[in-house]
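A.B. asks: When you get a sec, could you give me coordinates for this:
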Amino acid sequence: MTGPAVDADEEPAPDPDGEPAPEPAVRLVRGTFAIDDLDAFLADLDGIAAETGAVVQAFDVDLVVSPTQLREAARLAARAIARGEAVARDPAVEVLLYAAGRRQIDRALEVGVSEGERPAVVLVADFGGVAGADRSTADLDAAVEAVRGLAIDTVDDPDAGGFPTEFDADRVREYYGVTDRELAATTGDLTDVVRERVALLDVEK
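C.D. replies: All right, here's what the predicted structure looks like:
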């Protein structure tokens, strides 16, 4: 896997409408998970969500270009829910759609995890203050500890800029449809192009 380390504290894009937007607290757990049965693993995550009130979603490390991609996906998902514009009934699936930059749930699932022993990033968020999410305030500390309990190992201090993000550039380009021409035309890099895909999903509804 190749890819740059990315600052986890990048500022999110402003709300283009100038309206107050929900800002759910987000924690990210990066680790290695042995997933023998995908349905059982996802059921474990659902159990953590039910016990702690958190929104919990797992992602394939190879397709996560930066922690900001996931934080921004959570913010935009919360805003869509608050406005009554969400595509998915489950906030965790809405976060997945934004992170994938797609409205089709079956295609968005490709950025999720699969079976095998592999690295993953699990997003844990508090949507308790988001109108329409029908969630109480989440116990993020308990949720994070429970997710870590499912992992073989985890990376410490994911929220203080030390969160190492390494992605598979070829897979990212294929999944998000990023061409050489698009990369040459942008002033940024592949990470910036993917973040734009996440932001544009909100515009393209």
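
A.B. asks: Where does pLDDT dip in this protein?
C.D. replies: Applying pLDDT under 70 to the chain picks out residues 1-21, 156-165, 203-205.

A.B. asks: How about the residue nearest the centre of it: what's its closest non-neighbour residue?
C.D. replies: Taking C-alpha atoms, centre = their mean, the centroid of the chain lies closest to L70, which sits 3.2 Å from it. Nearest non-adjacent residue to L70, counting by C-beta to C-beta, 6 or more residues apart in numbering: L123, 5.1 Å away. (Each C-beta comes from the backbone N, C-alpha and C, glycine too.)

A.B. asks: I'd like to know which elements the helix or strand that the one you found is a member of is packed against.
C.D. replies: Assigned by DSSP states H and E, L123 falls within strand 116-126. Counting contacts by 3 or more C-beta pairs under 8 Å, 6 or more residues apart in numbering; DSSP states H and E, strand 116-126 packs against strand 25-35, strand 55-60, helix 67-82, helix 91-100, helix 140-150.

A.B. asks: how much space between Q57 and P67?
C.D. replies: As judged by C-beta to C-beta, to the nearest Å, Q57 and P67 stand 14 Å apart.

A.B. asks: Throw the helices and strands packed on strand 116-126 into TSV and include distance to G116, thanks.
C.D. replies: Shown next, in TSV, are the helices and strands packed on strand 116-126 (distance: least, C-beta to C-beta, whole Å):
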stretch	distance to G116
strand 25-35	6
strand 55-60	11
helix 67-82	21
helix 91-100	19
helix 140-150	14
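
A.B. asks: which stretch among those comes nearest L42?
C.D. replies: Ranking those by proximity to L42 (C-beta to C-beta) places strand 55-60 first, at 7.7 Å.

A.B. asks: Tell me what angle the closest one forms with helix 140-150.
C.D. replies: Orientation check (axes from the mean of the first three to the mean of the last three C-alpha atoms, to 10 degrees): strand 55-60 against helix 140-150 gives 40 degrees.

A.B. asks: rewinding a little: just want to know which of Q57 and P67 has more residues nearby.
C.D. replies: Q57 (28 against 24; other C-beta atoms under 10 Å).
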